[in-house]
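Asks: Sharing a model that was predicted from the sequence below.
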Protein chains: 2
Amino acid sequence: MSLEIELGLNEPVALLAHEALLSTYYTASNLRKKAGHFLQPFGLTDVQFNLMMLLKHQSRKGEGLTQAQLSSMMLVNRANITSLIDRMEKAGFVTRTSSPSDRRSNIIVLTESGKELLDRIEPLYAEEVKRIMDILVEDEQKRLIGMLEKVRSNIKED
Amino acid sequence: MSLEIELGLNEPVALLAHEALLSTYYTASNLRKKAGHFLQPFGLTDVQFNLMMLLKHQSRKGEGLTQAQLSSMMLVNRANITSLIDRMEKAGFVTRTSSPSDRRSNIIVLTESGKELLDRIEPLYAEEVKRIMDILVEDEQKRLIGMLEKVRSNIKED
DNA sequence: ATAAAATTGTTAATATGTGTATTATTGCCT
DNA sequence: AGGCAATAATACACATATTAACAATTTTAT
């Protein structure tokens, strides 16, 4: 696919930078759409799936995570987590309990049915992601990750 | 920044693929936030800025683009363009005119004030994007774009 | 020429994202 | 101890994204 926007500037470097930005935008957008279609039959969105993956793999012994932790891990605003958990609680994927040690915090935990659903989806999802990314050899994937991390770190510092 | 999710699978390749996917997600997200903050003082969102850039650089002689063309270039659903143009029309950035040659279509054109605003922002924006991306040397930027394009093309084929 | 199919834009319902303000708590500082 | 700053969740207004259903129009097939 070719570049959609041309800056029309004299500096080729700025043009290249813009193309790199757009390429990242578009690839993320396509990846999200693909994940969305893949997860739709299971009644999950990709955001909800990612949240459940965090609960499964990033909480110690299934103790759950607070909304603030989820917000920080998912790089989204705290306010966004509130409505997300509302929907997922209603759907029966997670529970929300007030933390006994800090009454400001809520502890989010996967339900049994949430765990079961995740166990079914996870291997299929891993296979699908592998299929998509294996157009790049292992070394390329590592370089891609490295370059994107450099860009991310260069955004944050200011 | 390290990987937020670990799949816990035996296959390291699948894990790497997942990390590459998340890295693309997160980088796009950070780039969008940064662009959003940059454009906020001008009363524009990054989506609106990108749409105006398309109108400026991708329409022949400023004849404008149809909503379907914009939808296809921006990789978003047609339905989304309707409300987007509503807001931008109300803000005075663009006009919407029914096409004489195809009465199903609307022609979207930049207003004079939209053009003026864009002319002011564009060089500043190019500079900012250049600053962010120049953490990668030119050759790396090209390789990044190439890899992301490969991934995109591998998503579409099915 | 006409019927069927495709395209364009809109609307509605819903999910996800932001920023800002508010409330409830907790932690820190003197 | 008492006051003040920081943190956690929520509420609200809004922007952006999706799918599905629809009406108007154009194109295609026969």
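Replies: Okay, I see it. Numbering: from 1, shown residues only, chains lettered A, B, ... in the order given.
Asks: The most centrally placed residue in chain A is in what secondary structure piece?
Replies: Central residue of chain A (Cα atoms, centre = their mean): A:N50, 5.2 Å from the mean position. Using DSSP states H and E, A:N50 maps to helix A:46-58.
Asks: Point me to the helix or strand that includes the closest residue in space to A:Q48 that isn't next to it in sequence.
Replies: Nearest non-adjacent residue to A:Q48, counting by Cβ to Cβ, 6 or more residues apart in numbering or on different chains: A:M88, 5.8 Å away. Glycine gets a C-beta too; all of them are placed from N, C-alpha and C. Using DSSP H and E, A:M88 maps to helix A:78-90.
Asks: ok, and does the helix or strand that that helix is followed by reach over to DNA strand C?
Replies: Next along the chain after helix A:78-90, taking DSSP H and E as the criterion, comes strand A:94-98. No: legend: contact between strand A:94-98 and DNA strand C by Cβ under 7 Å from any atom of the strand is lacking; minimum distance shown is 9.2 Å.
Asks: Does DNA strand D have contacts with strand A:94-98?
Replies: Yes: counting by Cβ under 7 Å from any atom of the strand, DNA strand D has neighbours in strand A:94-98: A:R96.
Asks: Which other helices and strands does that strand contact?
Replies: In terms of contacts (3 or more Cβ pairs under 8 Å, 6 or more residues apart in numbering or on different chains; DSSP states H and E), strand A:94-98 is packed against helix A:46-58, helix A:78-90, strand A:106-110.
Asks: report the longest helix in chain A, please.
Replies: Longest helix in chain A, counting residues (DSSP state H): helix A:12-39.
Asks: So is it next to DNA strand C?
Replies: No: judged by Cβ under 7 Å from any atom of the strand, helix A:12-39 and DNA strand C are separated, with a smallest distance of 8.2 Å.
Asks: Can you tell me which helices and strands that helix packs against?
Replies: Helix A:12-39 makes packing contacts with helix A:46-58, helix A:112-133, helix B:12-39, helix B:112-133, helix B:138-156 when contacts are defined by 3+ Cβ pairs under 8 Å, 6+ apart.
Asks: now do 6 Å
Replies: If contacts are counted by 3 or more Cβ pairs under 6 Å, 6 or more residues apart in numbering or on different chains; DSSP states H and E, helix A:12-39 sits against helix A:46-58, helix B:12-39, helix B:112-133, helix B:138-156.
Asks: Rounded mean pLDDT for that helix, please.
Replies: In this model, helix A:12-39 has a mean pLDDT of 88.
Asks: Now do the residue nearest to the centre of chain A against DNA strand D, distance only.
Replies: Using Cβ to the nearest atom of the strand, to the nearest Å, A:N50 is found at 16 Å from DNA strand D.
Asks: Excluding covalently adjacent residues, which one is nearest to that residue?
Replies: Excluding the flanking residues, the one nearest A:N50 by Cβ to Cβ, 6+ apart is A:M74, at 6.7 Å.
Asks: Pull out the buried residues from the helix or strand of chain A with the lowest mean pLDDT.
Replies: Least confident helix or strand of chain A, by mean pLDDT, DSSP states H and E, is helix A:12-39 with a mean of 88. Residues of helix A:12-39 classed as buried: A:14-32, A:34-35, A:38-39 (neighbour count, 16 or more other Cβ atoms under 10 Å in any protein chain shown).
Asks: how distant is it from the center of its chain?
Replies: 14 Å (Cα atoms, centre = their mean, to the nearest Å).
Asks: on that earlier part again, any buried residues in the helix holding A:N50, and which?
Replies: Within helix A:46-58, the residues scored as buried using 16+ other Cβ under 10 Å are A:46-56.
Asks: Distance to B:R78 for those residues - can I get that in CSV?
Replies: Listed next are the buried residues of helix A:46-58 as CSV, based on distance: Cβ to Cβ, whole Å:
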residue, distance to B:R78
A:D46, 21
A:V47, 23
A:Q48, 25
A:F49, 26
A:N50, 27
A:L51, 29
A:M52, 31
A:M53, 32
A:L54, 33
A:L55, 35
A:K56, 37
